[in-house]
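Participant: I would like to see how this sequence folds:
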Amino acid sequence: MDNGLRSQPVGVPGEIYIGGPTLARGYLNRPELNSQRFIRCPPGVSVVGDRLYKAGDWGYMLSDGSFEICGRCDSMVKIRGYSIEIQAVESALLDLPLVKACVVLTLGKEGEDKHLAAYIVPEGKTTKKEIRSALKRRLPFYMIPSYFVFLNR
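Facilitator: Next comes the predicted model:
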């Protein structure tokens, strides 16, 4: 499904959700995880039952009805106690007219403090200060990358 929980056509990647009569009721004694992973079946999705399980994988359906798994969806990292979705930071950057392309990575070894670094292809002439300032209006402080690296392309 896409981000709006709509089924994708054959060959178009989306997040994989699982449903049916044998779907588990949930994780034992894990209400928070249950609310993250088990969702009500959205309108227009035909499946036996009223719930779906969010698998956390990207993939697409083949013409024979089977699925090709592309990889994990979650790019969640924990930095200074905050859970951060890397894709949300990238999306906020790409929404800025100052940014043509970007990728956000986590820096730091296991057991050390981690930081976000944004590698950016700027749109025209802009500064790191302008990008940081624009992000502060869109994201919580803990999601603002510590480092900005400008790339030519």
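
Participant: excluding its backbone neighbours, what's nearest residue 123?
Facilitator: Once flanking residues are discounted, residue 123 sits nearest to residue 100: 4.5 Å by C-beta to C-beta, 6 or more residues apart in numbering. In short, each C-beta sits where N, CA and C put it, glycine included.

Participant: which stretches of the chain form strands?
Facilitator: 14-18, 38-40, 51-61, 67-72, 76-79, 82-85, 99-107, 115-122, 147-150 (DSSP state E).

Participant: save those as TSV, and put in mean neighbour count too.
Facilitator: Listed next are those as TSV, based on neighbours: other C-beta atoms under 10 Å:
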stretch	mean neighbour count
strand 14-18	19
strand 38-40	14
strand 51-61	17
strand 67-72	11
strand 76-79	14
strand 82-85	14
strand 99-107	17
strand 115-122	18
strand 147-150	14
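
Participant: check the gap between the residue in the chain sticking out farthest from the centre and residue 152 for me.
Facilitator: Centroid-distance maximum for the chain: residue 125 at 28.7 Å, with C-alpha atoms, centre = their mean. From residue 125 across to residue 152, the span is 13 Å (C-beta to C-beta, to the nearest Å).
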